[in-house]
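when you get a sec, could you give me coordinates for this:
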Amino acid sequence: MGKDVIIACDFPSKEETLRFLDKFTGRQPFVKIGMELFYAEGPEIVKEIKARGCRIFLDLKLHDIPNTVERAMRSLAGLGVDMTNVHAAGGKKMMEAAVRGLTADDGTKPILIAVTQLTSTSQEMLNDELLIPANIKDVVASYAKNARDAGLDGVVCSPLEAGFVHETCGSGFLTVTPGIRFKDAAADDQTRITDPSGARSLGSDYIVVGRPITKAADPIAAYERCLRDFGVI
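Got it, this is the predicted structure:
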């Protein structure tokens, strides 16, 4: 599966999102719809962006009891998204339930990935607030193995952990990595980050890029810079 750049469309409304996508004349970028936009606009925003020909990563990070997650995934399966996710912290049974809910009668399903640790989570937060005493790298690896064993296609992780996940779970197990910033940009609220070329060298399969593109003076130029630096073009 080829590498790609996913644009995080973290906007508060349909109008702002479509106004942004209108800039991409003749292009159909891979976009992420997260909680802010989905909760504001509902399933219709997915359908409208999908109708433009864009691939969609629906980033809702489901985390609940297995039965609830399975039923929720069954609802999301009808939207035609290309990728969606759960929190690996929900455990293997929950992730197995997500696979069941997302899989169609013919055996097909979108890419399903699991969030290991948010890129805003530091080692200190993991130990002191979440009371997980292990090294964050080991926690990510353990969560990734659970996701693989549950039948998922990959994980969301920091680009700093992408190579280690591949070593642990195999080269075909996908790593989708947010926490991407250009070297000349602010880190914002992210802690475990790198730039697109760094993510490429570390083994990321997909990078998720939000503010460096959406807040850029020239979003198209920023997007093309990401594509070049990540080796897509």
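
and Val31, that's in a strand?
Yes: counting by DSSP: H, G, I helix; E, B strand; the rest coil, Val31 is part of a strand.

residue contacts, it?
Residues in contact with Val31, defined by C-beta atoms under 8 Å, 6 or more residues apart in numbering, are Ile6, Ile7, Ala8, Cys9, Leu21, Ile49, Cys54, Arg55, Ile56, Phe57. No exception for glycine: its C-beta is placed from N, CA and C like everyone else's.

turn those into TSV, including pLDDT and secondary structure.
Conversion of the contacts of Val31 to TSV gives the following (pLDDT from 0 to 100; DSSP: H, G, I helix; E, B strand; the rest coil):
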residue	pLDDT	secondary structure
Ile6	98	strand
Ile7	98	strand
Ala8	97	strand
Cys9	97	coil
Leu21	98	helix
Ile49	97	helix
Cys54	97	coil
Arg55	97	coil
Ile56	98	strand
Phe57	98	strand
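
could you identify the most distant pair in those residues?
Leu21 and Phe57 (14.5 Å; C-beta to C-beta).

remind me, longest helix of this structure?
Assignment by DSSP state H gives helix 136-149 as the longest helix of the chain.

can you give me the mean pLDDT across that one?
The average pLDDT for helix 136-149 rounds to 96.

that older thread, pull out the buried residues from the contacts of Val31.
Neighbour-count burial (16 or more other C-beta atoms under 10 Å) applied to the contacts of Val31 gives Ile6, Ile7, Ala8, Cys9, Leu21, Ile49, Cys54, Arg55, Ile56, Phe57.

got those as JSON lines, with distance to Asn67 columns?
Output for those, formatted as JSON lines (distance: C-beta to C-beta, whole Å):
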{"residue": "Ile6", "distance to Asn67": "30"}
{"residue": "Ile7", "distance to Asn67": "34"}
{"residue": "Ala8", "distance to Asn67": "30"}
{"residue": "Cys9", "distance to Asn67": "31"}
{"residue": "Leu21", "distance to Asn67": "36"}
{"residue": "Ile49", "distance to Asn67": "30"}
{"residue": "Cys54", "distance to Asn67": "32"}
{"residue": "Arg55", "distance to Asn67": "29"}
{"residue": "Ile56", "distance to Asn67": "26"}
{"residue": "Phe57", "distance to Asn67": "25"}
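
thank you kindly, that will do.
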